[in-house]
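# Here's my sequence, what's the structure:
(chains A and B)
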There are 2 protein chains.
Amino acid sequence: MELKAISLANSASGVTTGNLFRALNPATGETLDPQFNSSTVEQVDAAANSASDAFATYRSQSSRERANFLRKIADGLDAATDELATRARQETALPAPRLQGEVKRASNQFRLFAEVLDEGSWVAARIDTALPDRKPMPRPDLRSMLHPLGPIAVFGASNFPIAFSVAGGDTASALAAGNPVVVKAHPAHPGASEIAGRIIGESVQACGLPAGVFSLLFDAGIEVGKALVQHPAIQAVGFTGSHAAGKALMNLAAARPQPIPCFAEMSSANPVFVLPGALRERSAQLAAGLFGSFTLGAGQFCTKPGLIFVPQQSETAPFLAELYRLTEGSAAFTLLTPGIATSYRKAVSIRQGHKDVQVQLAADAVGSCAASAALMEVDIDVLLKNSALSEEVFGPTTLLIRYGQREAMMQAAASLEGHLTATLLGTAEDLAANRDLIAILEQKAGRVIFNGFPTGVEVAHAMVHGGPYPATSDSRFTSVGSQAILRFVRPVCYQGFPESMLPEELRDANPLGIVRVLNGELTRDAVAG
Amino acid sequence: MELKAISLANSASGVTTGNLFRALNPATGETLDPQFNSSTVEQVDAAANSASDAFATYRSQSSRERANFLRKIADGLDAATDELATRARQETALPAPRLQGEVKRASNQFRLFAEVLDEGSWVAARIDTALPDRKPMPRPDLRSMLHPLGPIAVFGASNFPIAFSVAGGDTASALAAGNPVVVKAHPAHPGASEIAGRIIGESVQACGLPAGVFSLLFDAGIEVGKALVQHPAIQAVGFTGSHAAGKALMNLAAARPQPIPCFAEMSSANPVFVLPGALRERSAQLAAGLFGSFTLGAGQFCTKPGLIFVPQQSETAPFLAELYRLTEGSAAFTLLTPGIATSYRKAVSIRQGHKDVQVQLAADAVGSCAASAALMEVDIDVLLKNSALSEEVFGPTTLLIRYGQREAMMQAAASLEGHLTATLLGTAEDLAANRDLIAILEQKAGRVIFNGFPTGVEVAHAMVHGGPYPATSDSRFTSVGSQAILRFVRPVCYQGFPESMLPEELRDANPLGIVRVLNGELTRDAVAG
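Predicted coordinates:
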């Protein structure tokens, strides 16, 4: 696919008056062709308005039509796997198999939502039948179901250039619910963004949908994103990225004349608790697993384990020694952007300057995006007195926290902020002895993991990729898995409507055969005539 | 019950250092005994911290235990019906049968949530079983369900001193989900608030729960509410009241170091569309129904019809004449507070001063809380040019909007802001001819009503008492009906947990017999062993 390097917005194609920028190959430092055009504020306006115009048509599509559209996108992504992975590799330096896996993850995400639409019960149909003889007042017939919110602004993330970007879970869930989408591409991978965006755009066209159902905007800076979130046509925001950017978008969304929901997945240090039994049984295996997890994708996972609590016992020294050995021997990593690399080096250097933090850096890394793995270690008392040490550092580093008394570990757990995940590595006995710890972690994280590593995030029905602030802006939602659709819908109740005027989902006969709440009971039954 | 007139906060009982205030009988202008003590900031702190302390115990109660607690409260409310209604009548001047009905509504609300807990499926249990042989990577076992958020701040509304106040739907839904509650009583009915609060407090005690599960705070001003929303222990806010107060709370909740969800139900003019066929068939009946609805409870319903669109046809003049006749003949109303009465008179007077608005006031009303019904009428062009005319006016008034061309009505519908309800009064043919109007109203309101009046809000499973901003702060939720519980819960996922460590809701055998999403299918089936 030849890259056109301009916004894919309905009425704005061909306009190229914005600032110019290029992607950078982080592995070589070379800039990549072509030169991309930042969108103008007029293009933002055109994209948002065209999304708004397309909403009337798109929201009235049947579930089957929307499912077909999602499958069309999935097929397009699969067919472009090599092209997407090749360009993304140039723009991110992530390994080819990982990027090919990301394309599969993205297409599977669209297919999962197509299945959710086919199954149909996700609309939360509820029917309370009329009680005309009730005293003192009759009860009217009430029926409710979920409806789409309207045009959604989606911000692509830097660290998953395909599966959390233009064709990521935010776009898939927003489209599945019946919302048009306007994506602001991440400037670090504009080429992969354009390829994914054009696949979605072609699917829009192939399905005979209005072009405004999907638009893609580019920007080297922050003006386009800002204008997009402030645009009156936009009804919600989906974002994955840094805390600073996420918080800025939350503030913009809240400060609008009409405040809108902003789901921002932002920052998480993903605490891991190594428990005594496991450390006794398999310390080398734990060290290898943790090293693999904190350096996976050069440590640029939202779910990277950044805090590892380790009890002081006879196996502690060999366990730590193994982690040091693995870190020392690790080759240099390439981070996604010079900005990320600079932040990483700065965070490591601040911790190096801290007298109570022990830092081991792997061999020197050369290049503007290069980074050495860094293993850090503190005593738990130092962490308890320096809460800044528990903040997320994006990149191949983690902080080991030694504790002698279980009480101190429990205190540290209780003072954690919100995280996407919390992990327990232990034996069955360890787990049973830590019910009080689990009760705390349930309140601190969206996902509590036993004997796994947090860096795997399944696209599944039960997945929660969310968590209390600052992990996300709203702990009541997830951005991964089928429940991600709930961010972009609202219930609407029909009172006293005749059968023929109701949506199919709410009709007496239950023509779609979905599960509904009928007078308080979950059932596929028709309403008795 | 002898009123103690001090905050019902766990560790703060007996402290009486705040400002003093009394309730006022709006019908007589007399102040009522006893003198109430505004809570101090220290009492706010004590209540919030004690809620936080109680959370660990309360969240671990079984559904059955929580359902028993809710039924205990319901029984207590029912037993105190006369006492509650009598005191509320003194404080609000609302009619006795209405207030007795409100107690029943409040107790039914607690019973509805007890039924929801008994049924159990509300926790949205989801299970994706492990796929150990999946390639390229195995899938871990993932199970998720909803958990309570933590201590909730609830603000009692002025206009429903029982059913939307201390023992209202916010408190019932927050407690049902497993959250401790701290209520800030509305200063216009502190006595009814205390009676309801003590019934809840006694139920807490009778069920052996920690006292911090429920606290009640008083304040004549805004300091207590402000401190409560800003308190770090508070995890969400439920509010019903004015737009100004709701927006202030939204801003406070968003500006916290840890932003929290704030569900504010604020302002709605509840547009009504009188359609041509209905106007031909039953104009007198429509006029009587609309008059009854806009003056019900002295026009102090969140769902009062405040905008009535009327087509110009031969029945229009008699329809309007009947509405004028009813308004002219109506006795004076007593509003809830002098402040509400002043705002009402001011809003009416501004519209009287508008050269294009025709205003008919009923007979003079005497007294600081007295108000005359006011019927206003404009041509649709005036409304389209003066959006301020579509704002809610709290009290016994409504605005009739005449239109000649259907196009103008559709334009006005499309430019509506968010409302709690939108109503169509028509024949079956009218409705079928207005699918485009319905498609607009679905986007503007939480509930679309056919041939009913919006002032009835059923406590039911399918009810949506919500809607786009400014009707509420977040259109994705409802504050009435069983779905109100969703405001105060968040999903938590357990990955790889052994059976014995999982909550009952997620265990293989499905011991509670609830409906769950098992590998994408809604079922009561156990997980195959």
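# quick one: contacts for residue A:193?
For residue A:193, the contact set (Cβ atoms under 8 Å, 6 or more residues apart in numbering or on different chains) comprises A:156, A:161, A:165, A:166, A:183, A:185, A:186, A:216, A:218. In short, each C-beta sits where N, CA and C put it, glycine included.
# Mind pulling up the pLDDT for it?
Looking at residue A:193, its pLDDT is 98.
# Strands of the stretch 301-450 of chain A, residue ranges please.
Assigned strands in the stretch 301-450 of chain A, in chain order: A:307-311, A:333-334, A:358-361, A:370-371, A:374-379, A:397-403, A:419-425, A:445-450 (criterion: DSSP state E, counting those that start in this stretch).
# will you turn the ones you listed into CSV that also has mean neighbour count?
Output for the strands of the stretch 301-450 of chain A, formatted as CSV (neighbours: other Cβ atoms under 10 Å in any protein chain shown):
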stretch, mean neighbour count
strand A:307-311, 24
strand A:333-334, 21
strand A:358-361, 17
strand A:370-371, 23
strand A:374-379, 22
strand A:397-403, 24
strand A:419-425, 29
strand A:445-450, 26
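# Between the contacts of residue A:193, which sits nearest chain B?
The shortest approach to chain B among these belongs to residue A:161, at 19.7 Å (Cβ to the nearest Cβ).
# hang on, residue A:379 packs against residue A:355?
No: using Cβ atoms under 8 Å, residue A:379 is not in contact with residue A:355; the gap is 11.9 Å.
# still on that earlier bit, filter the contacts of residue A:193 down to the ones in strands?
Of these, the ones assigned to strands by DSSP state E are A:183, A:216.
# Throw the contacts of residue A:193 into a markdown table and include neighbour count, distance to residue B:338 and pLDDT, thanks.
As requested, the contacts of residue A:193 are exported to a markdown table (neighbours: other Cβ atoms under 10 Å in any protein chain shown; distance: Cβ to Cβ, whole Å; pLDDT from 0 to 100):
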| residue | neighbour count | distance to residue B:338 | pLDDT |
| --- | --- | --- | --- |
| A:156 | 31 | 55 | 91 |
| A:161 | 31 | 62 | 98 |
| A:165 | 30 | 57 | 97 |
| A:166 | 30 | 57 | 98 |
| A:183 | 30 | 53 | 98 |
| A:185 | 29 | 56 | 97 |
| A:186 | 28 | 56 | 97 |
| A:216 | 27 | 56 | 97 |
| A:218 | 28 | 57 | 96 |
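# Give the bridge partners for the nearest residue to residue A:175 once chain neighbours are set aside, please.
Spatial nearest neighbour of residue A:175, chain neighbours left out: residue A:181 (5.8 Å); criterion: Cβ to Cβ, 6 or more residues apart in numbering or on different chains. With DSSP bridges as the criterion, residue A:181 is bridged to residue A:152, residue A:214.
# all strands of the stretch 51-200 of chain A, in order?
For the stretch 51-200 of chain A, the strands defined by DSSP E, counting those that start in this stretch cover A:126-128, A:142-148, A:152-155, A:181-184.
# Take these and write them to a markdown table, including distance to residue A:375.
Below are the strands of the stretch 51-200 of chain A laid out as a markdown table (distance: least, Cβ to Cβ, whole Å):
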| stretch | distance to residue A:375 |
| --- | --- |
| strand A:126-128 | 53 |
| strand A:142-148 | 47 |
| strand A:152-155 | 32 |
| strand A:181-184 | 36 |
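# near chain B, which residues of the stretch 301-450 of chain A?
Contact residues (Cβ under 8 Å from any Cβ of the partner chain) of the stretch 301-450 of chain A with chain B: A:417-418, A:428, A:431-432, A:435, A:438-439, A:442-443, A:445-450.
# Let me know the closest of those residues to residue B:424.
Nearest to residue B:424 out of these is residue A:446 (Cβ to Cβ; 41.6 Å).
# picking that back up, for the residues of the stretch 301-450 of chain A next to chain B, name the two members farthest from one another.
A:417 and A:428 (29.2 Å).
# out of the two, which sits in the busier spot?
residue A:417 (18 against 13; other Cβ atoms under 10 Å in any protein chain shown).
# for the residue nearest to the more buried one when sequence neighbours are not counted, what are its contacts?
Of all residues not flanking residue A:417 in the chain, residue A:470 sits nearest, at 6.0 Å (Cβ to Cβ, 6+ apart). Contact analysis of residue A:470 by Cβ under 8 Å, 6+ apart lists A:243, A:247, A:266, A:267, A:268, A:417, A:418, B:258.
# Tally up the residues packed near the first one, please.
A count of nearby residues for residue A:243, using other Cβ under 10 Å, gives 16.
# any idea how far the residue nearest to it when sequence neighbours are not counted is from residue A:348?
Among residues not flanking residue A:243 along the chain, residue A:267 sits closest, at 4.0 Å (Cβ to Cβ, 6+ apart). Distance of residue A:267 to residue A:348, given as Cβ to Cβ, to the nearest Å: 17 Å.
# between the two, which one's more packed in?
Taking neighbours as other Cβ under 10 Å, residue A:267 and residue A:348 compare with residue A:267 leading, 24 against 21.
# I'd assumed the more buried one was in a helix, is it?
No: applying DSSP: H, G, I helix; E, B strand; the rest coil, one finds residue A:267 to be coil, outside a helix.
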